[in-house]
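A.B. asks: predicted model and sequence follow; I will ask about them next.
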Amino acid sequence: MELQGSYLPFIVQAKVFNPVLPIKLSRQQPPIKLTQLSFDVPQNIDMCVFISFSGFVSSNLRGEDFNRLTFRLIKKCEGFTVQNLQEYSFRRGFVNDTNIKEPVVYNYCQCISNRFISFCTYSFELVEAELSNNSFYNISEKNMTAQVYRGEEQHQGRC
């Protein structure tokens, strides 16, 4: 099969989850999956994958007025173990009681040699949460996208 242009043909299956978000979450507890996408690409083609997660974090901070959230992007490909790709911290602290809604965008790019992989799933998870007493948060309008390029595009500033 000959591929035309820089983009690879693939099928994306995307899911957005709306779980109950805990006030406290430690790394000893199971992570909370927020979004997930999967795609299938032809084998024996080097590729670059640009992943973008976006959403809004609403914070209702009271008392000591802080929240600490840690997110993680993971990848699971058929026949391979789960890879932790990147962690992202979200920290807020205010002196007074505060209600705020902030956009967040986290990007990640990876170029891989695709000799054996045919199907991969990327997931964006919440792995830690700590809030001051009487404070709350929500993560809304979540979105996760992927762009898949031929590997040689890496040298042209795509990744």
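C.D. replies: Received the coordinates, thanks.
A.B. asks: list the contacts of the spatially most central residue of the chain.
C.D. replies: Among the residues of the chain, the one closest to the centroid is residue 124, at 3.3 Å (C-alpha atoms, centre = their mean). Residues in contact with residue 124 (C-beta atoms under 8 Å, 6 or more residues apart in numbering) are 33-36, 53, 71-73, 106, 142, 144. In this view, the C-beta of every residue, glycine as well, is placed from N, C-alpha and C.
A.B. asks: check which helix or strand covers it.
C.D. replies: For residue 124, the host element (DSSP states H and E) is strand 119-131.
A.B. asks: show me where the chain dips below the pLDDT cut-off.
C.D. replies: 1-11, 41-42, 63-65, 114-117, 151-159 (pLDDT under 70).
A.B. asks: kindly recompute the last result at 90.
C.D. replies: Where the chain drops to pLDDT under 90, the residues are 1-14, 23, 38-50, 59-67, 77-81, 91-100, 110-120, 131-136, 146-159.
A.B. asks: where along it do the strands fall?
C.D. replies: Per DSSP state E, the chain carries strands over the ranges 11-16, 32-40, 45-61, 66-77, 83-93, 98-114, 119-131, 136-150.
A.B. asks: and those strands: which comes nearest residue 22?
C.D. replies: strand 119-131 (5.7 Å; C-beta to C-beta).
A.B. asks: what about the residue lying closest to residue 110 once chain neighbours are set aside, neighbour count?
C.D. replies: Computed as C-beta to C-beta, 6 or more residues apart in numbering, the closest residue to residue 110 that is not its neighbour in sequence is residue 49, at 5.4 Å. Neighbour count of residue 49, defined by other C-beta atoms under 10 Å: 22.
A.B. asks: quick check, residue 56 in contact with residue 141.
C.D. replies: Yes. Using C-beta atoms under 8 Å, residue 56 is in contact with residue 141, at 5.1 Å.
A.B. asks: any idea how far residue 78 is from the residue nearest to the centre of the chain?
C.D. replies: To residue 78, residue 124 is 20 Å away according to C-beta to C-beta, to the nearest Å.
A.B. asks: for the residue nearest to the centre of the chain, name its beta-bridge partners.
C.D. replies: On the basis of DSSP bridges, residue 124 is bridged to residue 35, residue 73.
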